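Asker: Build me a model:
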Amino acid sequence: MTLCEGFGIIFIYKLHLPFAEPMITLDAKYHDYLTSGKTFDLDGCRERVTGYGYNCDGQGIIGYWVNTENWRLNYDLEEKFLKKEKLNVR
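Answerer: Have a look, this model is predicted:
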């Protein structure tokens, strides 16, 4: 069983990979951004974090995302930045 997307502390069990690598704990990295005044500095503009979760390709977790007020930032499992997508904010 593989859990593909989630919010909060998540325990991942991969029955097909008995020695799976440890997961990135998103709560440890980003929860303070949700509950305090901490912001991301994106190209000189301060952005509040509004959420975060995991990306899945249907077979397993392949990375994670962090949403700010206007952007979705995508990272791989090695925490390398992949791309920045504009969110449709009203």
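
Asker: how many neighbours does K38 have?
Answerer: Neighbour count of K38, defined by other Cβ atoms under 10 Å: 12. C-beta coordinates here come from the backbone N, C-alpha and C atoms, glycine included.

Asker: which residues are contacting the worst-scoring helix or strand of the chain on mean pLDDT?
Answerer: In the chain, no helix or strand scores lower on mean pLDDT, DSSP states H and E than strand 40-42, which sits at a mean of 91. Residues from elsewhere that reach strand 40-42 (Cβ atoms under 8 Å, 6 or more residues apart in numbering): Y33, R46, E47, R48, V49, V66, T68, W71, L73, K84.

Asker: can you pick the most crowded of these?
Answerer: Busiest of the contacts of strand 40-42 [other Cβ under 10 Å] is T68, holding 22 neighbours.

Asker: if I read this right, that residue contacts R48, doesn't it?
Answerer: Yes - contact criterion Cβ atoms under 8 Å: T68 and R48 qualify, at 6.3 Å.

Asker: I'd like to know how far D27 sits from K86.
Answerer: When distance is defined by Cβ to Cβ, to the nearest Å, D27 is 26 Å away from K86.

Asker: more crowded one of these two?
Answerer: Taking other Cβ under 10 Å, D27 and K86 do not tie; D27 has more neighbours (13 against 8).

Asker: The more buried one: what secondary structure?
Answerer: helix (DSSP: H, G, I helix; E, B strand; the rest coil).

Asker: re the thing from before, list the neighbouring strands of the least confident helix or strand of the chain plus their orientation.
Answerer: Applying DSSP bridges to the sheet, strand 40-42 is found paired with strand 45-47 (antiparallel).

Asker: ok, residues contacting the partner strand?
Answerer: T39, F40, D41, T68, E69, N70, W71.

Asker: can you give me the strands in the protein?
Answerer: 40-42, 45-47, 49-56, 61-68, 71-76, 81-86 (DSSP state E).
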